[in-house]
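Engineer: Predicted coordinates and the sequence they were generated for:
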Amino acid sequence: MNIRSLLGPLFNFGGTSKVHIWQRFEPIGEGIAGTMSRFYKARDKESGITVGLKLPNMDKVAPIESRFKGLNKPTEGEIGQLIVGDHVVKTREHGKTHDGGQFIVQDFLDGMLVHFRLKRGDPLSLDNRIDLIRQTAQGVAVVHEAGFVHRDICPRNLMMSPDGKTTLFDFGLSVPNKPAFLRPGNRTGTPNYMAPEVIRRRQSDHRLDIFSFGVTAYEICSGSLPWPGGDARAALAHDTPARDIRELDNEIPDRLAEAIMDCLKADPENRHASMEDFLRKIARLN
C-alpha cells in the first residue's frame with residue numbers, strides 16, 4: 001500500500017478535478033519567478049482570504065522527478081500537506097490546473113526573506129540571532145519528524161515576519177527520508193549550503209539538512225559563510241574544517257558556537273544525529 005492510499009482520506013491530494021487558476025484566484029501584484037516555479041500573492045475567490053499561490057514550472061520539475069521513477073514519490077503539494085508544525089509554512093491545498101500543470105496553495109507569509117536581511121546587513125542582537133536560529137532548527141525538526149528531507153535549507157527559504165517569527169518554506173526538492181530517494185549522484189540544493197556527501201555524490205540522509213542548517217546558522221551569527229561562496233566546484237571546500245565562528249564574533253556563547261560547528265563536520269557521523277540534539281545543546285541559551 002502506498003503513501004497516497006494510506007493518507008488520501010486525511011488530505012486533499014488533488015483528486016481528479018482540475019482548477020482553472022485565474023478563475024479561482026485573483027493575483028495581487030506581480031508574481032515572483034523562482035528557479036522552478038512562479039509564486040503569487042493572491043485572493044482566493046471562494047474563501048476571500050489572501051494566500052500564497054505557487055505554480056511549479058513543469059518543464060523544470062519533470063527532469064528532477066524523473067530521477068525517482070518507479071518509487072511513487074509524493075508531489076511537492078502532497079509533501080507540504082504532510083509536514084505540519086511550528087515554523088514551517090502551512091500547505092492548504094494542491095492539485096492540477098486546467099492546462100496540465102500543478103498548483104499549491106499555502107498560507108501567505110508576510111515579512112522579509114532572511115537572505116535579504118543578511119545581505120542588507122540589518123543589525124540583529126545576539127538574542128535575536130539565537131531566536132532566529134532556534135526557530136529555524138525547530139522548523140527543520142518538523143520536516144524530519146514528518147519523515148522527509150528538505151534538501152535546500154538556506155536563508156532564501158526562510159521568511160521572517162515583522163513580529164520576528166521565522167518560517168521555513170519551499171518543499172520543491174524535498175523527498176522521503178529513505179535511501180532510495182537519497183542515492184549517490186543526486187546533487188541537488190544551493191551550492192553554498194550543500195553537504196560534502198551531496199557535493200561528492202555519495203549516499204545521504206537527513207543529516208545533509210543538518211549541515212545546510214549549520215551553514216545557515218553560521219551566516220546568521222557571523223554575517224559570513226564558513227567557506228568562500230560560489231558554485232558547486234567552490235563547494236568542494238566543504239570537506240575542509242571551517243573557521244571557528246568565535247573568531248568572527250567573540251560574543252557568541254561557547255555552547256552555541258560548538259553546536260553550530262558540530263553541524264559543519266564533513267563526516268555525517270560526526271554531526272548531530274538530529275535537530276533535536278542541536279536544540280537540546282542550546283536549550284539554556286537566553
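Structural biologist: All right, it came through fine.
Engineer: helices and strands around the helix or strand where Asp131 lies, which ones?
Structural biologist: Asp131 is part of helix 126-145, with elements assigned from DSSP states H and E. Judged by 3 or more C-beta pairs under 8 Å, 6 or more residues apart in numbering; DSSP states H and E, the packing partners of helix 126-145 are strand 158-160, strand 166-168, helix 207-222, helix 254-263, helix 275-281. Bear in mind the C-beta positions are built from the backbone N, C-alpha and C, glycine included.
Engineer: Counting neighbours, what do you get for His94?
Structural biologist: 24 (other C-beta atoms under 10 Å).
Engineer: Which residues are in contact with the closest residue in space to Leu264 that isn't next to it in sequence?
Structural biologist: Counting by C-beta to C-beta, 6 or more residues apart in numbering, Leu264 lies nearest to Gly214, which is 4.5 Å off, once chain neighbours are set aside. Each residue near Gly214 by C-beta atoms under 8 Å, 6 or more residues apart in numbering is listed here: Pro226, Ile260, Met261, Asp262, Cys263, Leu264, Arg271.
Engineer: Would you mind checking those for buried ones?
Structural biologist: Neighbour-count burial (16 or more other C-beta atoms under 10 Å) is assigned, among these, to Pro226, Ile260, Met261, Asp262, Cys263, Leu264, Arg271.
Engineer: Pipe the residues you listed into TSV and attach distance to Lys18 and pLDDT per row.
Structural biologist: Formatted as TSV, the buried ones among the contacts of Gly214 follow (distance: C-beta to C-beta, whole Å; pLDDT from 0 to 100):
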residue	distance to Lys18	pLDDT
Pro226	46	95
Ile260	46	98
Met261	50	98
Asp262	48	98
Cys263	43	98
Leu264	45	98
Arg271	44	98
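Engineer: And those, which is closest to Arg134?
Structural biologist: Ile260 (11.9 Å; C-beta to C-beta).
Engineer: separation between that closest one and Asn250?
Structural biologist: As for Ile260, its distance to Asn250 is 14 Å (criterion: C-beta to C-beta, to the nearest Å).
Engineer: related to what we said a few turns ago, reformat the buried ones among the contacts of Gly214 as CSV; add distance to His115.
Structural biologist: Below are those laid out as CSV (distance: C-beta to C-beta, whole Å):
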residue, distance to His115
Pro226, 16
Ile260, 18
Met261, 22
Asp262, 24
Cys263, 19
Leu264, 19
Arg271, 23
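Engineer: Out of those residues, flag the one nearest to His98.
Structural biologist: Nearest to His98 among the buried ones among the contacts of Gly214: Cys263, at 44.2 Å, using C-beta to C-beta.
Engineer: Just confirm Ala217 contacts Ile260, I think it does.
Structural biologist: Yes: if you go by C-beta atoms under 8 Å, Ala217 and Ile260 touch, sitting 4.8 Å apart.
Engineer: which residues are common contacts for those two?
Structural biologist: Counting by C-beta under 8 Å, 6+ apart, the contacts common to Ala217 and Ile260 are Ile133.
Engineer: domains in the protein, as residue ranges please.
Structural biologist: Using automatic domain parsing, the domain parsing of the chain gives 3-107, 112-281.
Engineer: and the first one, how far from the chain's centre?
Structural biologist: Which is domain 3-107. Put simply, domain 3-107 sits 16 Å off its chain's centre (C-alpha atoms, centre = their mean, to the nearest Å).
Engineer: same thing with stretch 247-258?
Structural biologist: 25 Å.
Engineer: buried sites along it?
Structural biologist: By neighbour count on 16+ other C-beta under 10 Å, the buried set for stretch 247-258 is Ile252, Leu256, Ala257.
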